[in-house]
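Asks: Sequence and predicted structure, then a few things I'm wondering about:
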Amino acid sequence: MTFRAIIAEDEQVAREAIAAMSGACGIHVLAACQDGAETIHCLQKYRPDVLFLDVQMPGIDGFGVLRGVPRERIPAVIFTTAYDQYAVRAFEHSAVDYLLKPFDEERFCKAVDRAKMQLANGTNQAELISHLAAELDKAQELLAAPRKLVVRSKGKLAFLRVDEIDWIEAQHNYLGLHLGNEVHLLRQTIGEMETRLQHCSFLRIHRSLIVNVDRIRCLQPCGYGEYLVVLKNGKNLPLSRGYRDRLDGLLEKMAAPWDHPTHAGS
């Protein structure tokens, strides 16, 4: 029996990688979708056996996709997620399976085998996914950014308000948290901090820099698609081309309320 799948992933490179791995595992890919709305449409149109579903997508995310499709049309779902292992454990027991990015072909095939086994055993996918969606919501709440961070400073524990941080810089195995004239060190990777702050007004602008958006005064182009991010305190931080799409996404969100102005008397 040939299993048919739909891929829901907003990054083209990831879509192509999943499609290639699917072919190697004997999965026929019906469609590769780049956002939630397209995924819902393809699920209703094709009724696949398996859905590779990215948790974070523009517009309707993975959670919204599950809610936007009738239960009887929900296939076996394999989540692809950038959530860390601690968050994944919150829903691992009820998932068809998950793939923690980055994943390799061996791990991918194990997920496919698990999905095939559940389909062959006639597992009630609708009930399973409904429960999984609830667990994922709980996991998402656990990942909500903290209001305060606790750091060791001069032999004491300092409680720092997240919204008072101007910018964050990776320094080897530590992060430098810049608050005005103060710098506090926190033993954590910049990737972990980016995940913790994903629900706050912070933007990754460089492989070693995260900035508080509320502290940005302006952007100065400096050629070759790169910018200087000028903060209100006068600090200049480089925005590299590799993170330009995140800036574009931010500007798009900020401009959204002005896309459809209401004219007086209309």
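Replies: Arrived safely.

Asks: Give me the phi and psi angles of the residue nearest the centre of the chain.
Replies: Among the residues of the chain, the one closest to the centroid is Q56, at 4.1 Å (Cα atoms, centre = their mean). In terms of degrees, to the nearest 10, the main-chain angles of Q56 are phi -110, psi 110.

Asks: Surely it is in contact with G62?
Replies: Yes - using Cβ atoms under 8 Å, Q56 is in contact with G62, at 7.1 Å. Every residue, glycine included, has its C-beta placed from N, CA and C.

Asks: what about the stretch 51-200 of the chain, any weak spots by pLDDT?
Replies: The model of the stretch 51-200 of the chain has pLDDT under 70 over residues 83-95, 122-146, 198-200.

Asks: Buried residues, stretch 29-45. List them.
Replies: Of all the residues in stretch 29-45, those buried under the rule 16 or more other Cβ atoms under 10 Å are 29-40, 42-43.

Asks: Widest-spaced pair of those?
Replies: Farthest pair in these (Cβ to Cβ) is V29 and A37. Separation: 19.0 Å.

Asks: who touches the residue nearest to the centre of the chain in this structure?
Replies: Contact analysis of Q56 by Cβ atoms under 8 Å, 6 or more residues apart in numbering lists D10, G62, T81, A82.

Asks: just H184 next, same as before
Replies: V151, S153, A158, L160, G176, L177.

Asks: Most neighbours among these, which one is it?
Replies: Greatest neighbour count in these, by other Cβ atoms under 10 Å, goes to L177: 25 neighbours.

Asks: Excluding residues flanking it in the chain, which one is nearest it?
Replies: Closest residue in space to L177, ignoring its immediate chain neighbours: H184 at 4.5 Å, by Cβ to Cβ, 6 or more residues apart in numbering.

Asks: what about the residue nearest to the centre of the chain, distance to A19?
Replies: 19 Å (Cβ to Cβ, to the nearest Å).

Asks: roughly how far apart are the residue lying closest to D97 once chain neighbours are set aside and D10?
Replies: Distances taken as Cβ to Cβ, 6+ apart place A111 nearest to D97, at 4.1 Å, with adjacent residues excluded. Computed as Cβ to Cβ, the A111 to D10 distance reads 19 Å.
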